[in-house]
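Colleague: sequence-free structure coming up:
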């Protein structure tokens, strides 16, 4: 389980007459991160730059990351933005920094500070939620146990995805991976071992 963005967050800062608009959003996949980046480009088509970075996985995981300086000097925007995201302890997150150039050069150090600082400030107010690591399983049991099994599912916050009522009852459920062993133990006790788990 880890923290992910619960909603989009946007802040705006002016640094030496350049306007920086930082937008941060949930990005569970690289494809969704790229769609979010495209949305921001469409929203601000006249901006000088749309620099971006994303971590489309657990916090600090570098397997599915991306970044772009979008025309800023190499290493002054995407890389510092990605560094902030990787150290934020928030997963599945993307950030786009839209810049309207104000006529004053910031220099490479100034750009790094501006891009990393704006992302930090946007993350500070970001609404977050816990991502549950879910496991899908099938449970088959006798009709007489339906009410007790449903009560157990409720106590484990398990979600019924599909129910089939034939000779026995078969439920496809989603359950937190952390609860798997306790759930199977409780289910086995409840049904006297007369249950099939797939």
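Modeller: Noted; the coordinates are in hand. Not measured: the values here are computed from a predicted model.
Colleague: On the pLDDT front, check residue 5 for me.
Modeller: For residue 5, the model assigns a pLDDT of 95.
Colleague: ok, the closest residue to it other than its chain neighbours - contacts?
Modeller: Distances taken as Cβ to Cβ, 6 or more residues apart in numbering put residue 26 closest to residue 5, at 4.2 Å, once the chain neighbours are dropped. The C-beta positions use only the backbone N, C-alpha and C, and glycine is treated the same way. Taking Cβ atoms under 8 Å, 6 or more residues apart in numbering as the criterion, residue 26 is in contact with 4-8, 32, 92-94.
Colleague: ok, now how distant is residue 26 from residue 119?
Modeller: 15 Å (Cβ to Cβ, to the nearest Å).
Colleague: How about residue 44: what's its closest non-neighbour residue?
Modeller: That would be residue 98: by Cβ to Cβ, 6+ apart, it lies 4.8 Å from residue 44.
Colleague: From the rest of the structure, what touches the host helix or strand of that neighbour?
Modeller: Assigned by DSSP states H and E, residue 98 belongs to strand 93-100. Residues from elsewhere that reach strand 93-100, judged by Cβ under 8 Å, 6+ apart: 4-5, 18-27, 32-33, 36-37, 40, 44, 46-56, 72, 77, 81, 84-85, 115, 118-119, 122-123.
Colleague: How about it, which residues are buried there?
Modeller: Residues of strand 93-100 classed as buried: 93-99 (neighbour count, 16 or more other Cβ atoms under 10 Å).
Colleague: now it, how far from the centre of its chain.
Modeller: 16 Å (Cα atoms, centre = their mean, to the nearest Å).
Colleague: on contacts alone, who are the packing partners of the helix or strand harbouring residue 35?
Modeller: Assigned by DSSP H and E, residue 35 belongs to helix 30-43. With contacts defined as 3 or more Cβ pairs under 8 Å, 6 or more residues apart in numbering; DSSP states H and E, helix 30-43 has these neighbours: strand 18-26, strand 49-55, strand 65-68, strand 93-100.
Colleague: Adjacent strands (with direction) for the last one?
Modeller: It refers to strand 93-100. As defined by DSSP bridges, the strand partners of strand 93-100 come to strand 18-26 (antiparallel), strand 49-55 (antiparallel).
Colleague: between the ones you listed, which gets nearest to residue 170?
Modeller: Ranking these by proximity to residue 170 (Cβ to Cβ) places strand 18-26 first, at 33.2 Å.
Colleague: could you measure residue 184 against residue 192, distance?
Modeller: 14 Å.
Colleague: before we move on, back to that, tell me the angle the strand holding residue 98 makes with helix 30-43.
Modeller: With axes from the mean of the first three to the mean of the last three Cα atoms, to 10 degrees applied, the angle from strand 93-100 to helix 30-43 works out at 20 degrees.
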